[in-house]
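Undergrad: Quick one, fold the following:
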Amino acid sequence: MAKVWLVTGANRGLGLALAQAAQRRGDIVVATARDAASIKGSFEHALRLDVRDQETVDVAVDEAVRTHGRIDVLVNNAGHGLAGVAEELTDDDLRTVLDVNLLGVLRVTRAVLPHMRARGRGHVVQMSSVGGVVANPGHAAYGTSKFALEGFSEAVSGEVAPWGIRVTIVEPGPFRTDFAGRSMRFASANEAYAGTPAGRVRQKFADQDGHQPNDPDRAAQIILDAVDDPASPLRLPLGPEAVDRIRAKLTSQLADLDRCEATVRDTRF
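TA: Sure thing, here's the model as predicted:
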């Protein structure tokens, strides 16, 4: 039976690749974007949805359910990057990225879950990042949004499990999308950091744009397979860079835990 997908940010990046892959295999895709006109030629059912605006979220979700009777898979893909060291970031910078990358996901998930619970099944795909596991200097605001997304999603996975709803947190490394280009935003530069690794992150993204080593279509197929596999894991790293960096981070954390365990366990009255 064909699945019904609702995909946010389906006009670009991995969201576009995944929506196209699902549509090619015969699934029903409700593709959404802030500018619905940008995707109307690519998808049979294209809707306007701005994750910053609960009203547009509710209208799109209700129309998808009214038209197709259900939403089997929700893909929270809408988001953007924000580069800048902590001293460069304004409150408005932080609010902007959190409103989309974190609160936007909450708004859409909150609107879709009642429909999934009523049917006793469903799958939520949360597009996180290797940056949701490993915090990069110069990318603190984005890392904050994705670390928070991972915590939110892990908690939700336990909350909705009794209704047969599954969650997959996707953690991509560098894929050849426009993430490092037009989807990346930059805080005002502080020259004190110009020669540091954090300060050079702007040039790193410029150099990377259009030269990322990984194929979005391969990522889309792996995500499709994970959605189809009832035993797929909660977290799904994508690409060798993500696997290697996440393994190194977790290995380091375990080593730190081993070093301090005897002392930090001694806390009882």
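Undergrad: all helices of the stretch 151-269 of the chain, in order?
TA: Ranges of helices in the stretch 151-269 of the chain, per DSSP state H, counting those that start in this stretch, are 201-208, 216-228, 240-264.
Undergrad: Output the ones you listed in a markdown table, with distance to residue 111 and mean pLDDT appended to each entry.
TA: Bear in mind the C-beta positions are built from the backbone N, C-alpha and C, glycine included. Shown next, in a markdown table, are the helices of the stretch 151-269 of the chain (distance: least, C-beta to C-beta, whole Å; pLDDT from 0 to 100):
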| stretch | distance to residue 111 | mean pLDDT |
| --- | --- | --- |
| helix 201-208 | 32 | 73 |
| helix 216-228 | 20 | 97 |
| helix 240-264 | 29 | 98 |
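Undergrad: just those helices: most buried one?
TA: helix 216-228 (a mean of 18; mean count of other C-beta atoms under 10 Å).
Undergrad: Need the residues that contact it.
TA: With contacts defined as C-beta atoms under 8 Å, 6 or more residues apart in numbering, helix 216-228 is touched by 3, 13-14, 16-18, 20-22, 25, 73, 123, 125, 168, 170, 172, 175-177, 232-233, 236, 238-239.
Undergrad: circling back: of all the helices of the stretch 151-269 of the chain, which lies closest to residue 31?
TA: helix 216-228 (13.5 Å; C-beta to C-beta).
Undergrad: could I get the helices of the stretch 151-269 of the chain as JSON lines with distance to residue 60?
TA: Output for the helices of the stretch 151-269 of the chain, formatted as JSON lines (distance: least, C-beta to C-beta, whole Å):
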{"stretch": "helix 201-208", "distance to residue 60": "31"}
{"stretch": "helix 216-228", "distance to residue 60": "20"}
{"stretch": "helix 240-264", "distance to residue 60": "30"}
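Undergrad: Among the ones you listed, which comes closest to residue 68?
TA: Across those, closest to residue 68 is helix 216-228 (C-beta to C-beta), at 16.8 Å.
Undergrad: tell me the contacts of residue 101?
TA: 79-80, 142, 145-146, 149.
Undergrad: can you do 6 Å?
TA: Residues in contact with residue 101 (C-beta atoms under 6 Å, 6 or more residues apart in numbering) are 79, 145.
Undergrad: In the protein, which residue is most central in space?
TA: residue 127 (2.0 Å; C-alpha atoms, centre = their mean).
Undergrad: What sits closest to it if chain neighbours are left out?
TA: residue 77 (4.5 Å; C-beta to C-beta, 6 or more residues apart in numbering).
Undergrad: Could you give the number of residues near the one you found?
TA: Neighbourhood size, residue 77 [other C-beta atoms under 10 Å]: 26.
Undergrad: ditto for residue 27
TA: Neighbours of residue 27 using other C-beta under 10 Å come to 18.
Undergrad: distance between the ends of stretch 226-245?
TA: This stretch, stretch 226-245, spans 21 Å end to end (C-alpha to C-alpha, to the nearest Å).
Undergrad: one step back: which pLDDT value belongs to the residue nearest to residue 127?
TA: The model reports residue 77 with a pLDDT of 97.
Undergrad: Residue 181 too?
TA: Reported pLDDT for residue 181: 62.
Undergrad: buried ones in the helix or strand hosting residue 147?
TA: According to DSSP states H and E, residue 147 maps onto helix 140-160. Buried residues in helix 140-160, counted by 16 or more other C-beta atoms under 10 Å: 140-150, 152-153, 156-157, 160.
Undergrad: re the thing from before, shouldn't the residue nearest to the centre of the chain be in contact with residue 78?
TA: No. Contact criterion C-beta atoms under 6 Å: residue 127 and residue 78 do not qualify, at 8.4 Å.
Undergrad: quick revisit: what is the nearest of the buried residues of helix 140-160 to residue 191?
TA: So of the buried residues of helix 140-160, ranked by how close each gets to residue 191 (C-beta to C-beta), first place is residue 140, at 18.0 Å.
Undergrad: Sounds good, over and out.
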